[in-house]
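Chemist: Could you work out the structure for the sequence below:
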Amino acid sequence: MTATASGWSRTAVRERPLSLAPGPESRFKGEIDTLGWASVGECHSSNPAQKGPSIPPITRLRSTIIASLTAVALRIGRRVAPHLLATAFLAGLALATFAFWSKSDLDLFRWPMAELALRGHPLLIYTVHSGLWRSDNGPLSLLPLTAVVAAVNALGWQADAPLRDAVVMGLFGLFALAFAREAVRAVGEARGHPFPRSVVTWSAFLLAPPLWIGMVCYGHAELPLELWLILLTVRQLSRGRTAMAGCLLGLALLTQTAVLLAVLPLVLILLAGRRFRAAAMFLGTAAIVAAAGLFPFLLADGRDVIASLVTYRGQVPALGGSLWTLFPQTPVAAFIQHDDALVFGAVAVVLTWLAVRRRGATAPGSPRVYALMALSTACLPLLAKSVWPYYLVDPCTFATIWWLARPGRVDNWRLYIPVLFSAAAVARMASAPAICVSLPMACGMALLLTDLFGVKVRTMTAEPALPDSRVSDPA
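Modeler: Now for the predicted structure:
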């Protein structure tokens, strides 16, 4: 070994023999060797004499087969899991309806209306009523319901109310699957890239408590059909197909008149963007389709049709869960008794218009549109004189889409808004005091307004933004 002025030469260091003294390095190597592992130097040595024992071919083949089977199983699981969830959802919906059956709107109104249509009087279906109460839903959902009623009657199950209701909900659950698929697609388009269609994503829509309460406990099988048509309307309008969007809106209006609150933001967005021709075509086409669907019923029995769809609400008293029950025997209560629709309709228009003007025009299909739709539809359960849990289905669904469609991580404060709406629905089903129903809804609407008006919420969870500008909110 040679030395230089600065110390040992590189050759001397390279030729220095390995020490075999029982130091800490050799003890560590001995511990590794007792486990049957080769040291890093042995595994990567270029000297064949220093390489560790080679892996037997049968072991290598077995590892390859196990890794391949695991990858295939995971891929199949990702593809099969949504189908398993769909099957479990349909079965669970039917079983829950059968197990927890109680007389609902399906038995009081929709089933007798379908039976009347089968007996040859389809234009007189709005003569069905139960005391002061009438069905304020459009006739579109009676088309598939009448086919289900005919099948149930052919099987001889019409006298078994729990069984026939379970069949109806199980089959109408197919519309729920269609609506959930459209909701997941809406989330992906709003984010700017396909959103993962995982079991968790589908469950956010299919397992929402307001949807289950509305279908199982109150018999409103038309709810998923209405939501599906609304989401299709938004998608067609965002793609510039105004006439097609108007036709779909007209069909949605033939399911429930409350659809007007859901599409109110779409109309105001078109007006704010000075797209007056598109707004006129959108509303005009919808009006033509809705009028064409209702005209035969108006011609045959106009008095009952108008009473069911428009005027009967003035005779219904304020019920538990309504905010107005906190102010009995006051001038406000007297006004609300006959004109509650004017109140929640006017509040929805004002709040939505202010939110649209605050941040400027928004492209249909962006995340803010669903926040506006959630805000507008939440005015109905908050300010109506009669509140039912299924009134929360629309705001909860739109708030869920908005929450998932926003850029960044999904574990952010916006999750609390659909949770609050779901809590209000559960509280109303449990006949909780009006304050327990109204307070969660008011808090959810307040959180919506904070985002729509640009107020930053930093106190709940962090929300890092995505670097990709394509998924940012255009507003």
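Chemist: so what secondary structure elements neighbour the helix ranked longest in the chain?
Modeler: For the chain, the helix with the greatest residue count under DSSP state H is helix 57-99. Using 3 or more CB pairs under 8 Å, 6 or more residues apart in numbering; DSSP states H and E as the contact test, the elements touching helix 57-99 are helix 161-191, helix 199-206. For every residue, glycine as well, the C-beta is placed using N, CA and C.
Chemist: average pLDDT for that helix?
Modeler: The average pLDDT for helix 57-99 rounds to 78.
Chemist: Please pull up the helix or strand immediately following that helix.
Modeler: helix 105 (DSSP states H and E).
Chemist: Show residues contacting that following helix.
Modeler: For helix 105, contacts defined as CB atoms under 8 Å, 6 or more residues apart in numbering pick out 135, 218, 219, 220.
Chemist: and if we set it to 6 Å?
Modeler: With contacts defined as CB atoms under 6 Å, 6 or more residues apart in numbering, helix 105 is touched by 218, 219.
Chemist: That one: how far from the chain's middle?
Modeler: Averaging C-alpha positions (CA atoms, centre = their mean, to the nearest Å) puts helix 105 24 Å from its chain's average.
Chemist: need the helices and strands packed on helix 57-99 in JSON lines with distance to residue 120 and mean neighbour count, can you?
Modeler: Output for the helices and strands packed on helix 57-99, formatted as JSON lines (distance: least, CB to CB, whole Å; neighbours: other CB atoms under 10 Å):
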{"stretch": "helix 161-191", "distance to residue 120": "21", "mean neighbour count": "21"}
{"stretch": "helix 199-206", "distance to residue 120": "37", "mean neighbour count": "19"}
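Chemist: Rebuild those helices as CSV, extending it with distance to residue 328 and mean pLDDT.
Modeler: Formatted as CSV, the entries for the helices and strands packed on helix 57-99 read as follows, by distance: least, CB to CB, whole Å; pLDDT from 0 to 100:
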stretch, distance to residue 328, mean pLDDT
helix 161-191, 35, 91
helix 199-206, 38, 87
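Chemist: a markdown table please, covering these and showing distance to residue 392.
Modeler: Supplementary listing: these in a markdown table, determined by distance: least, CB to CB, whole Å:
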| stretch | distance to residue 392 |
| --- | --- |
| helix 161-191 | 16 |
| helix 199-206 | 14 |
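Chemist: Nearest to residue 246 among those helices would be which one?
Modeler: Between residue 246 and these, the shortest separation by CB to CB is 17.8 Å, and it involves helix 161-191.
Chemist: In the protein, where is pLDDT below threshold?
Modeler: In the predicted model, the chain carries pLDDT under 70 at residues 1-54, 62, 69, 72-80, 194-197, 359-363, 455-475.
Chemist: Outline the domain layout of it.
Modeler: Dividing the chain into domains by automatic domain parsing, as the record does, gives the ranges 3-50, 72-471.
Chemist: Just name the most buried of the ones you listed.
Modeler: Neighbour counts (mean count of other CB atoms under 10 Å) averaged over each of those peak at domain 72-471, with a mean of 19.
Chemist: quick one: the helix or strand where residue 423 lies to chain centroid distance?
Modeler: Using DSSP H and E, residue 423 sits within helix 416-429. The gap between where helix 416-429 is centred and where its chain is centred comes out at 14 Å by CA atoms, centre = their mean.
Chemist: ditto for stretch 209-227
Modeler: 13 Å.
Chemist: for stretch 292-304, same thing?
Modeler: Taking CA atoms, centre = their mean, one finds stretch 292-304 lying 34 Å from the centre of the chain it belongs to.
Chemist: again with stretch 139-149
Modeler: On the basis of CA atoms, centre = their mean, stretch 139-149 is displaced by 24 Å from the centre of the chain it belongs to.
Chemist: cool, and stretch 434-454?
Modeler: 18 Å.
Chemist: which residues are contacting it?
Modeler: Stretch 434-454 is contacted from outside by 321, 323, 325-326, 355, 358, 371, 375, 378, 381-382, 417, 420-421, 423-424, 427-428, 457, using CB under 6 Å, 6+ apart.
Chemist: Any idea which of the domains of the chain gets closest to residue 59?
Modeler: domain 3-50 (13.1 Å).
Chemist: Strands along this protein, start to end?
Modeler: Along the chain, the segments classed as strands by DSSP state E run 3-4, 7-8, 129-130, 133-134.
Chemist: Check whether residue 384 really touches residue 342, as I assumed.
Modeler: No - with the criterion set as CB atoms under 6 Å, residue 384 and residue 342 do not qualify as a contacting pair; they are 11.2 Å apart.
Chemist: one step back: which one, of the helices and strands packed on helix 57-99, ends up nearest to residue 281?
Modeler: Distances from residue 281 to each of the helices and strands packed on helix 57-99 were compared using CB to CB; the shortest belongs to helix 161-191, at 22.2 Å.
Chemist: For residue 328, give me the backbone phi and psi.
Modeler: Backbone geometry at residue 328, expressed as degrees, to the nearest 10, gives phi -70, psi 150.
Chemist: residues in contact with it?
Modeler: Under the criterion of CB under 6 Å, 6+ apart, residue 328 has no contact partners.
Chemist: try it again with 8 Å
Modeler: With contact taken as CB under 8 Å, 6+ apart, residue 328 is in contact with residue 318.
Chemist: Could you measure from it over to residue 379?
Modeler: Remark: distance between residue 328 and residue 379 (CB to CB, to the nearest Å) = 22 Å.
Chemist: repeat for residue 90
Modeler: Relative to residue 379, residue 90 is positioned 32 Å away (criterion: CB to CB).
Chemist: mind listing the helices for the stretch 201-350 of the chain?
Modeler: In chain order, the stretch 201-350 of the chain shows helices spanning 209-212, 223-238, 242-253, 259-272, 276-306, 331-359, with DSSP state H, counting those that start in this stretch as the criterion.
Chemist: Reformat these into a markdown table and put distance to residue 315 next to each item.
Modeler: As requested, the helices of the stretch 201-350 of the chain are arranged in a markdown table below (distance: least, CB to CB, whole Å):
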| stretch | distance to residue 315 |
| --- | --- |
| helix 209-212 | 26 |
| helix 223-238 | 25 |
| helix 242-253 | 23 |
| helix 259-272 | 21 |
| helix 276-306 | 13 |
| helix 331-359 | 9 |
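Chemist: Out of these, flag the one nearest residue 149.
Modeler: Once CB to CB is applied to the helices of the stretch 201-350 of the chain, the stretch that comes out nearest is helix 223-238, at 16.0 Å.
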